[in-house]
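**Student:** 3D, please:
(chains A, B, C and D)
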Protein chains: 2
Amino acid sequence: MPARDTDPPAPRKRADAERNKQALLEAAAAAFVDSGVDAPVRDIAVRAGVGVGTIYRHFPTRADLIVAVYRHQVQSCAQAAPALLASSQTPHHALTAWIDLFVDFLITKHGLAEAMHSDAAAFEPLHAYFLDHLLPAVTLLLDAAVDAGQINPIDPLTLLQGVGNLCIGASANSPYNPRPLAALLIRGLQTTPS
Amino acid sequence: MPARDTDPPAPRKRADAERNKQALLEAAAAAFVDSGVDAPVRDIAVRAGVGVGTIYRHFPTRADLIVAVYRHQVQSCAQAAPALLASSQTPHHALTAWIDLFVDFLITKHGLAEAMHSDAAAFEPLHAYFLDHLLPAVTLLLDAAVDAGQINPIDPLTLLQGVGNLCIGASANSPYNPRPLAALLIRGLQTTPS
DNA sequence: AGACGATACGGAACCTGGTTCCGTTTAGCA
DNA sequence: TGCTAAACGGAACCAGGTTCCGTATCGTCT
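**Tutor:** Predicted coordinates:
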């Protein structure tokens, strides 16, 4: 059986092309750290030692580049959800912990939260990628917490967008800290003992 | 007594200059409605029937223009706080109502929330203006609600930034609705009956 | 090894939108 | 009516994203 589910046809890429793509990923990651995900295209190109045309060839839109750079981290964030659910005392604890994880991820990626909900068509793939991977994760946690009677139901997408928005403008060196606000949001979700 | 508190020295402006300034304010307001607060400078100029130089002469930075356009609305939002406090059943009700007002204001101003916390130096005046006027308003409401034992204390600035952030990307024709999220935030603030 | 077609590359050129600058116009006054 | 300072307009400039095409390189076939 041929390699499935990863590169179905695999039309055989040239070695130099693959090298450049790799160099671009590293250069972009570095540039994103220094200047945020809006780092100038030309900067990334010189860092990688390639021409700007090469960037557009490998990553037609900036969203493609961002997705490629953060793919792994998004995946592990998503995969943390079931793990947390299994290891936490209650679904509510798991939810809180996961939101913390998500917030941490966003504030360390300068400008990512901003880009995430930009309505520019170019960012649609980014949006879609994040949603595809993270929506199931939150949904799992929310359902569990609702079933346990710990929180009131909420649309997972709305929550994800809300927490994402809270993280806009936050970074390690900024005084603005979205963590307590995200916690407040989750607290507001709790069912009252009544 | 001379006019005070509005134009202290009033160095006598030329009539055409004043006319143009007025025309620019109207043009900018219209452009902001159509294209958000990032409306191209040249667009605003043609709408007002002036050259681009004239915009920069009257409003050196975009923030100056935005502040000038929304000055009245920010003021009435701020002034609503004591009024609501007086007319509401409880401080908590007043707080909730005021937050609704604030959210409504932001989502009708396409792009304002985004601009509000841009770290670009050019937007500092905008930031400062909003804070100067709205921070006292929230502080009043928060203090009253804390004193009444209805909510846990929170830094007013953090709350303002948080609610502002939640409104980013929201607009009349967007499916994303920050209102329930803002309500959740306030709910999370409530003291538990324990 | 040498040659050849396909693939990929580089970076100049172009486009959009913000900002500056200076020659020209005009309001206000004597 | 003439004069001067204020204000104007828009061309020119700059920055950053995007496109395009002549050139270089890879991989293969003989």
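
**Student:** mind checking how far the longest helix anywhere in chain A is from the chain centre?
**Tutor:** As assigned by DSSP state H, the longest helix anywhere in chain A is helix A:62-87. Centroid displacement of helix A:62-87 relative to its chain, using Cα atoms, centre = their mean, to the nearest Å, is 6 Å.

**Student:** go on, stretch A:103-116?
**Tutor:** With Cα atoms, centre = their mean as the basis, the mean position of stretch A:103-116 lies at 8 Å from the chain mean.

**Student:** What residues does chain A have near DNA strand C?
**Tutor:** Within chain A, the residues that sit near DNA strand C (Cβ under 7 Å from any atom of the strand) are A:13-14, A:16-17, A:20, A:49-54, A:56-58. The way it works is simple: take the backbone N, C-alpha and C, and place the C-beta from them, glycine included.

**Student:** Turn those residues into a markdown table, columns for secondary structure, distance to residue B:188 and pLDDT.
**Tutor:** Converted to a markdown table, those look like this (DSSP: H, G, I helix; E, B strand; the rest coil; distance: Cβ to Cβ, whole Å; pLDDT from 0 to 100):
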| residue | secondary structure | distance to residue B:188 | pLDDT |
| --- | --- | --- | --- |
| A:13 | coil | 50 | 86 |
| A:14 | coil | 55 | 94 |
| A:16 | helix | 54 | 96 |
| A:17 | helix | 51 | 97 |
| A:20 | helix | 48 | 98 |
| A:49 | coil | 49 | 97 |
| A:50 | coil | 48 | 98 |
| A:51 | coil | 51 | 98 |
| A:52 | helix | 47 | 98 |
| A:53 | helix | 50 | 98 |
| A:54 | helix | 48 | 98 |
| A:56 | helix | 45 | 98 |
| A:57 | helix | 48 | 97 |
| A:58 | helix | 44 | 98 |
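
**Student:** Weed out the non-buried ones from those residues.
**Tutor:** A:20, A:50, A:54, A:58 (16 or more other Cβ atoms under 10 Å in any protein chain shown).

**Student:** Can you give me the buried ones in stretch A:102-113?
**Tutor:** Neighbour-count burial for stretch A:102-113 [16+ other Cβ under 10 Å]: A:102-103, A:105-107, A:109-113.

**Student:** I misspoke; the intended subject was stretch A:28-38.
**Tutor:** Buried-residue list, stretch A:28-38, by 16+ other Cβ under 10 Å: A:28, A:30-32, A:37.

**Student:** just to revisit the earlier point, output the contacting helices and strands for the longest helix of chain A.
**Tutor:** helix A:15-35, helix A:91-107, helix A:112-116, helix A:124-147 (3 or more Cβ pairs under 8 Å, 6 or more residues apart in numbering or on different chains; DSSP states H and E).

**Student:** ok, of the ones you listed, where does mean pLDDT dip lowest?
**Tutor:** With a mean of 89, helix A:112-116 has the lowest mean pLDDT of these.

**Student:** Identify the residues contacting it?
**Tutor:** Contacts with helix A:112-116, where a contact means Cβ atoms under 8 Å, 6 or more residues apart in numbering or on different chains, come from A:37-38, A:62-63, A:66, A:70, A:106-107, A:123, A:126-127, A:130, A:164-165, A:167-170, B:114.

**Student:** wouldn't residue A:184 be in contact with residue B:181 here?
**Tutor:** No. Taking Cβ atoms under 8 Å as the definition, residue A:184 is not a contact partner of residue B:181, at 10.6 Å.

**Student:** So those two - more neighbours on which side?
**Tutor:** Using other Cβ atoms under 10 Å in any protein chain shown as the criterion, residue A:184 and residue B:181 rank with residue B:181 on top: 26 against 22.

**Student:** Secondary structure element for the more buried one, which one?
**Tutor:** Using DSSP states H and E, residue B:181 falls within helix B:179-189.

**Student:** Closest to the centroid, which residue in chain A?
**Tutor:** The structure's chain A has its C-alpha centroid closest to residue A:74; by Cα atoms, centre = their mean the separation is 4.7 Å.

**Student:** rewinding a little: return the set of buried residues in the longest helix of chain A.
**Tutor:** A:62-70, A:74, A:77-78, A:80-82, A:84-85.

**Student:** relative to helix B:91-107, how tilted is the helix holding residue B:181?
**Tutor:** 150 degrees (axes from the mean of the first three to the mean of the last three Cα atoms, to 10 degrees).

**Student:** Specify the angle between helix B:179-189 and helix B:124-147 in degrees.
**Tutor:** Using the same axes, to 10 degrees: helix B:179-189 against helix B:124-147 is 50 degrees.

**Student:** of the contacts of helix A:112-116, list those near DNA strand D.
**Tutor:** Contacts with DNA strand D within the contacts of helix A:112-116, as defined by Cβ under 7 Å from any atom of the strand: A:38, A:62.

**Student:** Am I right that residue A:106 is in contact with residue A:164?
**Tutor:** Yes. Under the criterion of Cβ under 8 Å, residue A:106 makes contact with residue A:164 at 6.6 Å.

**Student:** Confirm for me that residue A:123 is in contact with residue A:63.
**Tutor:** Yes. With contact defined as Cβ under 8 Å, residue A:123 reaches residue A:63; the gap is 4.9 Å.

**Student:** List the contacts of the residue nearest to residue A:50 when sequence neighbours are not counted.
**Tutor:** The shortest distance from residue A:50 to any non-neighbouring residue, by Cβ to Cβ, 6 or more residues apart in numbering or on different chains, is to residue A:20 (5.5 Å). By Cβ under 8 Å, 6+ apart, residue A:20 lies in contact with A:48, A:50, A:54, A:58.

**Student:** before we move on, what about residue A:71?
**Tutor:** By Cβ under 8 Å, 6+ apart, the contact set of residue A:71 is residue A:129.

**Student:** okay, it: pLDDT?
**Tutor:** At residue A:71, pLDDT is 96.

**Student:** Report the separation between it and residue A:25.
**Tutor:** As judged by Cβ to Cβ, to the nearest Å, residue A:71 and residue A:25 stand 10 Å apart.

**Student:** With residue A:190 instead?
**Tutor:** Going from residue A:190 to residue A:25 by Cβ to Cβ gives 41 Å.
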